[in-house]
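A.B. asks: Structure for this input, please:
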Amino acid sequence: MTLPTRRGLFLAAGIFSAWLGSLVILLPTSRMDLPDGVVFLAVLGRTLLQTGLFIVAHDAMHNTLWPERPLANRLIGQAALLLYAALPYRKCLNNHRRHHRHAGTVRDPDHHGEGDPSLMSWYLRFMAAYLSPWQLTALVVSWLVLASVAAPFSSSPLCNVLIYGALPVLMSSLQLFVVGTYLPHRPSSPGASDPAGELQPQSLNLPTWLSLLACFHFGYHWEHHRFPHLAWHELPAAKWRLKEGAHT
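C.D. replies: Now for the predicted structure:
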């Protein structure tokens, strides 16, 4: 097992553990017992962890999470997408492969197509392509089950599920779309071509710490398309190697 693989699995285990642990801690609380500032930070933290689940699955789709064990790699990716938003792994995998082959063209399933490329219109079409009635039903049922489990310990179980469960899912979907799709692939990007033609992915010029918080370095999008075999935690080093090489 290589060092990047060990690091990636360690980080994935941390994301899974923190996601589950924060849910176990927060669901039994009573809403009025926590200051608004603590609730705000908890929601932000849960949103980042929710996004982390998708990033783990994204690495699995590129077979960079555990390349030596393809079956384990896929199972971890499936579990991450299930916890993220009951997303089907095979559909996401096929769409993501098409995205890399046809990035920025009408053959890209994540492209805005012939529709309005504005942020909200594109986001709504993007979500409609990935969310099915079955998935929405599964999410609602899972939230109701969580509320019933928390009911004996909290005076506001449904409120807690909405705040710490449903809201982070919504915010994470916006985070992933804005940082990982809209900003890197929007037609107004420098060097963008006609929407029917090929559009070169753009990277966000963020310092490493902000790139991590923004979306687990998903904003280093050109580097990801250039080196799809690199795990998310390897992208900053690739970015700075390219930057240093350009100055030599």
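A.B. asks: Can you list the buried residues in the helix ranked longest in the chain?
C.D. replies: If you go by DSSP state H, the chain has its longest helix at helix 36-61. For helix 36-61, the buried set under the neighbour-count rule, 16 or more other Cβ atoms under 10 Å, comprises 39, 42-43, 45-61. Any C-beta I mention is one placed from the backbone N, CA and C, and that applies to glycine too.
A.B. asks: got a list of contacts for the lowest-mean-pLDDT helix or strand in the chain?
C.D. replies: Between all helices and strands in the chain, the lowest mean by mean pLDDT, DSSP states H and E belongs to helix 235-246, at a mean of 82. Helix 235-246 is contacted by residues 203, 208, 211, 217, 220, 223, 224, 226, 227, 230 when judged by Cβ atoms under 8 Å, 6 or more residues apart in numbering.
A.B. asks: Dump the residues you listed into a markdown table; add neighbour count, secondary structure and distance to residue 14 as well.
C.D. replies: Listed next are the contacts of helix 235-246 as a markdown table, based on neighbours: other Cβ atoms under 10 Å; DSSP: H, G, I helix; E, B strand; the rest coil; distance: Cβ to Cβ, whole Å:
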| residue | neighbour count | secondary structure | distance to residue 14 |
| --- | --- | --- | --- |
| 203 | 20 | coil | 25 |
| 208 | 14 | helix | 18 |
| 211 | 21 | helix | 18 |
| 217 | 27 | coil | 16 |
| 220 | 31 | coil | 21 |
| 223 | 22 | helix | 23 |
| 224 | 24 | helix | 21 |
| 226 | 15 | helix | 27 |
| 227 | 14 | coil | 24 |
| 230 | 19 | coil | 19 |
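A.B. asks: want to throw those into JSON lines with distance to residue 95 and pLDDT?
C.D. replies: Shown next, in JSON lines, are the contacts of helix 235-246 (distance: Cβ to Cβ, whole Å; pLDDT from 0 to 100):
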{"residue": "203", "distance to residue 95": "22", "pLDDT": "90"}
{"residue": "208", "distance to residue 95": "29", "pLDDT": "94"}
{"residue": "211", "distance to residue 95": "24", "pLDDT": "96"}
{"residue": "217", "distance to residue 95": "21", "pLDDT": "96"}
{"residue": "220", "distance to residue 95": "21", "pLDDT": "94"}
{"residue": "223", "distance to residue 95": "21", "pLDDT": "93"}
{"residue": "224", "distance to residue 95": "16", "pLDDT": "93"}
{"residue": "226", "distance to residue 95": "20", "pLDDT": "91"}
{"residue": "227", "distance to residue 95": "20", "pLDDT": "93"}
{"residue": "230", "distance to residue 95": "20", "pLDDT": "95"}
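A.B. asks: For those, work out which two are farthest apart.
C.D. replies: The most widely separated members of the contacts of helix 235-246, counting by Cβ to Cβ, are 208 and 226 (17.8 Å).
A.B. asks: how about low-confidence regions in this protein?
C.D. replies: For the chain, the stretches with pLDDT under 70 are 113-116, 188-199, 245-248.
A.B. asks: let's see 80
C.D. replies: By pLDDT under 80, the low-scoring segments of the chain are 31-32, 103-106, 108-109, 111-117, 187-200, 243-248.
A.B. asks: need the strands for it, in chain order.
C.D. replies: Under the criterion DSSP state E, the chain contains no strands.
A.B. asks: buried ones in stretch 82-92?
C.D. replies: Buried residues in stretch 82-92, counted by 16+ other Cβ under 10 Å: 82, 83, 84, 85, 86, 87, 89, 92.
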